[in-house]
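Chemist: Okay, sequence plus prediction incoming.
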Amino acid sequence: MVSNQILQNTIDGLKSITRIDLCLIDTDGKVVATTFPDTEECEKAVLSFITSPAESQVIQGYQFFKVNDDQHTELVLLARGTTDDVYMIGKMAAFQVQSLIVAYKERFDKDNFIKNLLLDNLLRVDIYTRAKKLHIDTEVKRVVYIIETKNEKDTNALEIVRTLFAPKTHDFITAVDEKNIILVKEVKSTDTLDDLDKTAYMIIDMLSTEAMSAAKIAYGTVINDIREVSRSYKEAQMALDVGKIFYSDKSVVAYSRLGIGRLIYQLPIPLCQMFIREIFGGKSPDDFDEETLSTINKFFENSLNVSETSRQLYIHRNTLVYRLDKLQKSTGLDLRKFDDAITFKIALMVVKYMKYVENRDSF
């Protein structure tokens, strides 16, 4: 529903233009917003007016107007004065308030619909019925973005995202929890992953500039039908988690670019533990010293190129070979061989995943 503050701002603005005092009273006789004091004398008259068949009436020097929604009286508007000009202004003010109520109700209904759609709480037949009632196109391409800000309940960030996309009537902005903002965005059939990335980076730049807030964004795959929105949302959730584990340096993560990280994320922990025992025996990558770990990471970064790795580490080629030989003796894996390098790389990623699950479950 429309907040009392918005209603107060509305009638304050109308008074500043027309110089006519206005008051809004609910169906219980309580003042919701007013531009003048001493409204007690009108409250009893309002209760009688609500039960009458009249849509407008002059009572005690005021013009009374019913503000309806779906043929039910929501509020009563009072305009001080009995002239024709006051009647016309009161009629216009009542129409303005009624339009506000309808608009906010539709927005609330759409927000509820999108939330239930994301959480998979609707039957297929209900999805199409409600979408038609809310004038939402069911067969357009859409993608779901999850925007995670640094602070929980970041209402400022939510409003900034709404400012960016709310004018586009086919996009929806909502929140299903206290941490994340959800954007369900309509996309063109010609949009590529680069185009989707540009949208994400635009949001990040705007939040950084306007809200001084750092954000991570993940998005799912593009879907063609509204019933698939929940799938794109679940993909975006996975992309956000996988990004935190394996791609922590990236601020934008796409589900379709997760690669092997997506496979590892779906492995059961007992299987991961068994795999690590097979590779490292009783050891763990955590047991390696900082020098060894930095050597391994740099070697992978340079696609197993010994010369380039030694150059970037500012060490002699023979020193690097010695370190790799030492690692081979302790693990049985020679990183200069492609198969062994792949095994070692996957093992490092599995250990990262296990640590993430352990820390997550400890909260």
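Modeler: Good, I have the coordinates.

Chemist: contacts, neighbours, all on C-alpha from now
Modeler: Noted.

Chemist: Just the buried positions in stretch 354-363, please.
Modeler: Applying a neighbour-count criterion of 16 or more other Cα atoms under 10 Å, one finds Met354, Tyr356 buried in stretch 354-363.

Chemist: Poorly predicted segments of the chain, please.
Modeler: The model of the chain has pLDDT under 70 over residues 1, 106-107, 152-154, 166-169, 282, 286, 362-363.

Chemist: domain parsing for it?
Modeler: For the chain, the structural domains run 4-100, 124-263, 267-362, going by automatic domain parsing.

Chemist: I'd like the distance from the shortest one to the chain centre, please.
Modeler: In other words, domain 267-362. Computed by Cα atoms, centre = their mean, to the nearest Å, the separation of domain 267-362 from the middle of its chain amounts to 36 Å.

Chemist: what's the answer for the longest one, then?
Modeler: Counting by Cα atoms, centre = their mean, domain 124-263 is centred 6 Å from the centre of its parent chain.

Chemist: Just the CA trace of the helix or strand harbouring Thr129, in PDB.
Modeler: Taking DSSP states H and E as the definition, one finds Thr129 inside helix 124-133. The C-alpha coordinates for helix 124-133 follow below in PDB (Å, rounded to 0.1, in the frame of the first residue of the first chain):
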ATOM      1  CA  ARG A 124       2.500 -23.700 -13.900                       C
ATOM      2  CA  VAL A 125      -1.200 -22.800 -14.600                       C
ATOM      3  CA  ASP A 126      -1.100 -20.100 -11.900                       C
ATOM      4  CA  ILE A 127       2.000 -18.600 -13.400                       C
ATOM      5  CA  TYR A 128       0.300 -17.900 -16.800                       C
ATOM      6  CA  THR A 129      -3.000 -16.800 -15.200                       C
ATOM      7  CA  ARG A 130      -1.400 -14.300 -12.800                       C
ATOM      8  CA  ALA A 131       1.000 -13.000 -15.500                       C
ATOM      9  CA  LYS A 132      -1.900 -12.300 -17.800                       C
ATOM     10  CA  LYS A 133      -3.700 -10.500 -15.100                       C
END
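
Chemist: quick revisit: distance to Phe108 added to the domains of the chain, as CSV?
Modeler: CSV is the format used below for those (distance: least, Cα to Cα, whole Å):
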stretch, distance to Phe108
domain 4-100, 12
domain 124-263, 10
domain 267-362, 34
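
Chemist: how about the ones you listed, which one is nearest Leu118?
Modeler: Proximity to Leu118 (Cα to Cα) singles out domain 124-263 among those, at 4.3 Å.

Chemist: What's the local residue count around Ile276?
Modeler: Neighbourhood size, Ile276 [other Cα atoms under 10 Å]: 20.

Chemist: which residues sit in contact with the residue lying closest to it once chain neighbours are set aside?
Modeler: Once flanking residues are discounted, Ile276 sits nearest to Ala347: 6.4 Å by Cα to Cα, 6 or more residues apart in numbering. Neighbouring residues of Ala347 by Cα atoms under 8 Å, 6 or more residues apart in numbering: Phe275, Ile276, Ile279.

Chemist: if we can go back for a sec, if you count neighbours, what's buried in the helix holding Thr129?
Modeler: By neighbour count with 16+ other Cα under 10 Å, helix 124-133 contains the buried residues Ile127, Tyr128, Ala131.

Chemist: Closest to Glu290 out of those residues?
Modeler: Checking the buried residues of helix 124-133 against Glu290 by Cα to Cα gives Ile127 as the nearest, at 54.2 Å.

Chemist: What number of residues are in the vicinity of the nearest residue to the closest one once chain neighbours are set aside?
Modeler: Excluding the flanking residues, the one nearest Ile127 by Cα to Cα, 6+ apart is Arg227, at 6.8 Å. Using other Cα under 10 Å, Arg227 has 19 neighbouring residues.

Chemist: does Arg227 really touch Leu117, like I thought?
Modeler: Yes - taking contacts as Cα atoms under 8 Å, Arg227 lies within contact range of Leu117: 7.4 Å.

Chemist: between the two, what contacts are shared?
Modeler: Ile127.

Chemist: Sort out which of the contacts of Ala347 are in helices and list them.
Modeler: Secondary structure from DSSP state H places Phe275, Ile276, Ile279 of the contacts of Ala347 in helices.

Chemist: before we move on, back to that, could you dump the contacts of Ala347 into CSV with distance to Lys355 added?
Modeler: As requested, these are arranged in CSV below (distance: Cα to Cα, whole Å):
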residue, distance to Lys355
Phe275, 15
Ile276, 13
Ile279, 17
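
Chemist: Just give me the closest of the residues you listed to Phe113.
Modeler: Using Cα to Cα, these come closest to Phe113 at Phe275, 43.8 Å.

Chemist: any idea how far Met354 is from the residue lying closest to that closest one once chain neighbours are set aside?
Modeler: Excluding the flanking residues, the one nearest Phe275 by Cα to Cα, 6+ apart is Ala347, at 7.7 Å. Ala347 sits 11 Å away from Met354, going by Cα to Cα, to the nearest Å.

Chemist: okay, now Arg257: neighbour count?
Modeler: Residues contacting Arg257 under the criterion other Cα under 10 Å number 12.
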